[in-house]
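[1] fold the following for me, if possible:
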Amino acid sequence: MAYVITCGDEGVQINEGRRLGVVGCGFRLEGFSELVSLLKQVCGNEIRVAVNEECDWLKHKLDLVNWEQVNAMAQQQIQALADLEGLLYAGYLPFTDPKELKHEIKGHMVRPHKVHIANTISFTLGGGEQKFHLGHYVISADWVHLAKPDFVKKIIEPQIEFYTKLNKGEKLNVVFEEGGDLGPDIAAKNKAILDQVLASL
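    The predicted model follows:
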């Protein structure tokens, strides 16, 4: 199954493909180039990327004032990022029925417009999201066994901080998704390192 980097927004549902959650698809996330390199080591070189409608991270990073501006800019910005990082740009995930995108990816947005309902962060450890959970932000930690703890913290901490802000500053629950094609040994290594990093935050 094809791997696809998407925002960790809880409304993103991938119907065909395996989701790797990275806030804002990695747009202006410090260390994203190195993260892509690690994900390619784990998931193969042909990783896709798909941007979603109402991407809060893009709105924040581009200092935009309304969703019309964000949605107009999103495809252009993420396609350019895909070209820069050697990712396959799959397309745009709208608030409609599931949409066929490029490169064997299909998906859509399913949360309410302009509302976040997540109360949990789900860290994927074994090869991306295995089962969609509407109430969960998704952060890929499938790669952390290949990285030093300082780099793991550099990538993970700003994502947690951003999702906590979307939750009006309330602390989010944390769960781990350990299934996937990488197998239980890799998932266990990822969890051990992630546990150390999360304890330091």
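
[2] check contacts around the most centrally placed residue in the chain.
    Nearest to the geometric centre of the chain sits Gly21, at 1.7 Å (CA atoms, centre = their mean). Residues in contact with Gly21 (CB atoms under 8 Å, 6 or more residues apart in numbering) are 5-8, 12, 122, 124, 129, 137-140. Where you see a C-beta, it was placed from the backbone N, CA and C, and this is true even at glycine.

[3] now with 7 Å?
    6, 8, 124, 129, 138-140 (CB atoms under 7 Å, 6 or more residues apart in numbering).

[4] who does it form a beta bridge with?
    Counting by DSSP bridges, Gly21 forms beta bridges with Thr6.

[5] on that earlier part again, dump the contacts of Gly21 to CSV, plus neighbour count.
    Shown next, in CSV, are those (neighbours: other CB atoms under 10 Å):
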residue, neighbour count
Thr6, 30
Gly8, 28
Thr124, 26
Glu129, 26
Val138, 29
Ile139, 22
Ser140, 29
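
[6] what distance do you get for the residue of the chain most remote from its centre to Asn190?
    In the chain, counting by CA atoms, centre = their mean, Val65 sits farthest out from the average C-alpha position, at 23.0 Å. Noted for Val65: a distance of 38 Å to Asn190, by CB to CB, to the nearest Å.

[7] same check, this time on Phe95
    Relative to Asn190, and taking CB to CB, Phe95 is found at 32 Å.

[8] between those two, which one's more packed in?
    Asn190 (27 against 14; other CB atoms under 10 Å).

[9] dihedrals phi and psi, the more buried one?
    phi -60, psi -40 (degrees, to the nearest 10).

[10] for it, which non-adjacent residue is spatially closest?
    Among residues not flanking Asn190 along the chain, Leu125 sits closest, at 4.3 Å (CB to CB, 6 or more residues apart in numbering).

[11] quick check: the one you found touching Asp142?
    Yes - using CB atoms under 7 Å, Leu125 is in contact with Asp142, at 6.2 Å.

[12] show me where this protein has its helices.
    Under the criterion DSSP state H, the chain carries helices at the ranges 32-43, 56-61, 67-85, 149-166, 184-200.

[13] show me what the third one is packed up against.
    Based on contacts counted as 3 or more CB pairs under 7 Å, 6 or more residues apart in numbering; DSSP states H and E, the elements that helix 67-85 packs against are strand 48-52, helix 56-61, strand 88-93.

[14] got the angle for the first one vs helix 32-43?
    Translated: strand 48-52. 120 degrees (axes from the mean of the first three to the mean of the last three CA atoms, to 10 degrees).

[15] direction included, what does strand 48-52 pair up with?
    Sheet pairing for strand 48-52, using DSSP bridges, gives strand 3-6 (parallel), strand 88-93 (parallel).

[16] thank you kindly, that will do.
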